[in-house]
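Peer 1: got a predicted structure plus its sequence, pasted below:
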Amino acid sequence: MARFRSCSRWIFCLATLVLVLGAAQVASAHAILVDSTPKANSTVKGTELVVDLRYNVRVDGTRSKLVLVGPSGPATTLVIAKQSSPDHLQSHATGLIPGTYKIQWYVLASDGHMTHGEIPFTVS
């Protein structure tokens, strides 16, 4: 009986470990923005802006989208440059005028899930 309890505890511990590691791997695969230019809620100067977004996982640049929403006029889809590394998206915005903006991002992560968010900033 003691041998059975020891064996079932071992199996329970192993199963728990497998579940925890599997859940951690899936959770870490969703794309989370870890750094950006411009920074969220920052103020930038000028009429041009280099956009550089870094994520915690690889993202598919060809299936991702960046949209610039400005103080006036329609939203503009930004052209995503060829990826310098698999966890980065880069673009360039021109013709900026003073006001409040946001970059809306939509990325396809390495786990196959779309993730989205936005980065608000101000142009002075």
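Peer 2: Yep, it's here.
Peer 1: dump the residue contacts of the residue nearest to S110 when sequence neighbours are not counted.
Peer 2: Distances taken as CB to CB, 6 or more residues apart in numbering place R58 nearest to S110, at 4.3 Å, with adjacent residues excluded. The C-beta positions use only the backbone N, C-alpha and C, and glycine is treated the same way. Contact partners of R58, counting by CB atoms under 8 Å, 6 or more residues apart in numbering, are 86-87, 109-110.
Peer 1: if you set the cut-off to 6 Å instead, what comes out?
Peer 2: The contact partners of R58, taken as CB atoms under 6 Å, 6 or more residues apart in numbering, are 86-87, 110.
Peer 1: equivalent analysis for I103, please.
Peer 2: Contacts of I103 by CB under 6 Å, 6+ apart are 68, 119.
Peer 1: tell me the secondary structure for it?
Peer 2: At I103 the chain is in strand, as set by DSSP: H, G, I helix; E, B strand; the rest coil.
Peer 1: 11 is where my numbering starts, stick with that
Peer 2: In the new numbering, first residue 11, that becomes I113.
Peer 1: that older thread, of the contacts of R68, which is the nearest to V54?
Peer 2: Nearest to V54 among the contacts of R68, counting by CB to CB, is D97 at 22.9 Å.
Peer 1: nearest spatial neighbour of that closest one, chain-adjacent residues omitted?
Peer 2: Y65 (5.0 Å).
Peer 1: what's across from the one you found in the sheet?
Peer 2: Beta-bridge partners for Y65, by DSSP bridges, are L43.
Peer 1: likewise for G109?
Peer 2: Applying DSSP bridges, one finds that G109 bridges with V133.
Peer 1: that one: neighbour count?
Peer 2: Other residues lying near G109 total 11 when counted by other CB atoms under 10 Å.
Peer 1: just checking, it touches V79?
Peer 2: No: in terms of CB atoms under 6 Å, G109 does not count as a neighbour of V79; the distance is 10.6 Å.
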